[in-house]
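Chemist: Provided below are the primary sequence and the corresponding predicted coordinates.
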Amino acid sequence: MLALAFNDFSFKYAGSTRFALKDVSFKVSTGEFILLTGPSGCGKSTICRAALGLIPQSYPGDYEGEIRIFGLDPKSTPISLIAQKAGLVFQDPDNQLFTLSVERDIAFGPENLGLPKFEIVQRVDWALHVVEITHLRNKAPFELSGGQKQRVAIASILAMRPSLLILDEPTSFLDPLSAYKFLNFISLLRHKLKISILMIEHRLDYLAPLVDRVILMSEGQILLDGSPIEVFSSPVLERIGISPPIHIAIFERLSDLGYYNGVPPLDIPYAIELLKSLVVKNV
């Protein structure tokens, strides 16, 4: 079964004069890791809201086309049911954490599902272990670093046992090193739990070797949907103001100059080693 499918979907918020999304079609297969990127205001967050049923249940407007999330229609399915299939991690974890302890924040979702106490305890213990923050169980969220807060936010979603994890620019409040570690953690989590991931993100350099597909959007429409190397090597990125990963741009330029004739590397450490070998070769 597909995790998520948009078919010719268009949406215009109530009171707006333009469509936030127009004729959007794409699919997320079970276990797939997809990067959704594009300029600010291109409709990425609208896709998240529509996938989870927040559009049109909480955000009314003109709704056209069809969406299916694990076979369910989010337009009419109770959001509480969708939350057991898919979870959203916000851009700012402070918007998602609101109790006085990590444990209580993680327990909040299962409690609202009406689960028995023993199962809530099991889910909290499991989520703490999976995201490797058991030592933070009794800490207050405001005492944590940005990266730790993001892990707690993810644990609070995982406690609901979703099969699809949607992340809306999760590294926005992280420094470069923390962002690099966090994105690699998400990749490991995806393989460990065999879940699907749809991530909105602008840090393309770090994500290039981690994702299966890249969807590039602009002005409410999908411009490109392909492998990382296909999308990141396309001139379309710069035409809409998106810089490709720097290491891929370097090797594209080297190829233009005749110093390299292979496929640009996606992995940064490998790109560095390959660049060193090219320097030695051409000295």
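Modeler: Yep, that arrived.

Chemist: Point to the residue nearest the middle of this protein.
Modeler: Central residue of the chain (Cα atoms, centre = their mean): Met199, 1.3 Å from the mean position.

Chemist: my read is it is in a helix, agree?
Modeler: No: counting by DSSP: H, G, I helix; E, B strand; the rest coil, Met199 is not found in a helix; it is strand.

Chemist: Name the nearest residue to it, ignoring sequence neighbours.
Modeler: Leaving out its chain neighbours, the residue that sits closest to Met199 by Cβ to Cβ, 6 or more residues apart in numbering is Leu167, at 4.5 Å. For the C-beta atoms, the positions are set from N, CA and C on the backbone; glycine is no exception.

Chemist: does that neighbour sit in a helix, a strand or a coil?
Modeler: strand.

Chemist: Tell me where the stretch 151-283 of the chain has strands.
Modeler: 164-168, 196-200, 213-218, 221-226 (DSSP state E, counting those that start in this stretch).

Chemist: Restrict the second one to CA atoms and write it as CSV.
Modeler: Output for strand 196-200, consisting of C-alpha atoms alone and laid out as CSV, is shown next (Å, rounded to 0.1, in the frame of the first residue of the first chain):
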residue,chain,number,x,y,z
SER,A,196,8.1,6.4,5.4
ILE,A,197,9.5,10.0,5.7
LEU,A,198,8.4,13.1,4.0
MET,A,199,10.7,16.0,4.9
ILE,A,200,10.5,19.7,4.1
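
Chemist: quick one: strands adjacent to it?
Modeler: Partner strands for strand 196-200, per DSSP bridges, with pairing direction: strand 33-37 (parallel), strand 164-168 (parallel).

Chemist: Next, format those as CSV and append mean pLDDT.
Modeler: Shown next, in CSV, are these (pLDDT from 0 to 100):
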stretch, mean pLDDT
strand 33-37, 96
strand 164-168, 93
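
Chemist: How far does the helix ranked longest in the chain sit from its chain's centre?
Modeler: What stands out as the longest helix in the chain, according to DSSP state H, is helix 176-193. How far helix 176-193 lies from its chain's middle: 11 Å, per Cα atoms, centre = their mean, to the nearest Å.

Chemist: who's the nearest residue to Val28 once chain neighbours are set aside bridged to?
Modeler: Spatial nearest neighbour of Val28, excluding adjacent residues (Cβ to Cβ, 6+ apart): Leu4 at 4.1 Å. The partner list for Leu4 in beta bridges (DSSP bridges) reads Val28, Ile69.

Chemist: got the contact list for Leu4?
Modeler: Counting by Cβ atoms under 8 Å, 6 or more residues apart in numbering, Leu4 makes contact with 27-28, 51, 67-70, 86, 164, 196, 198.

Chemist: any idea how far it is from Arg213?
Modeler: To Arg213, Leu4 is 12 Å away according to Cβ to Cβ, to the nearest Å.

Chemist: Does Glu32 touch Ile215 like I think?
Modeler: No: contact criterion Cβ atoms under 8 Å: Glu32 and Ile215 do not qualify, at 11.3 Å.

Chemist: Between the two, which is the more surrounded one?
Modeler: The neighbour comparison of Glu32 against Ile215 (other Cβ atoms under 10 Å) goes to Ile215, with 23 against 19.

Chemist: What's opposite the more buried one in the beta bridge?
Modeler: Leu36, Asp225.

Chemist: The nearest residue to Lys139 once chain neighbours are set aside and Ile166: what is the separation?
Modeler: Once flanking residues are discounted, Lys139 sits nearest to Val102: 5.4 Å by Cβ to Cβ, 6+ apart. Distance, Val102 to Ile166, using Cβ to Cβ: 22 Å.

Chemist: Those two - which one has more neighbours?
Modeler: Legend: neighbour count by other Cβ under 10 Å for Val102 and Ile166, higher for Val102 (29 against 24).
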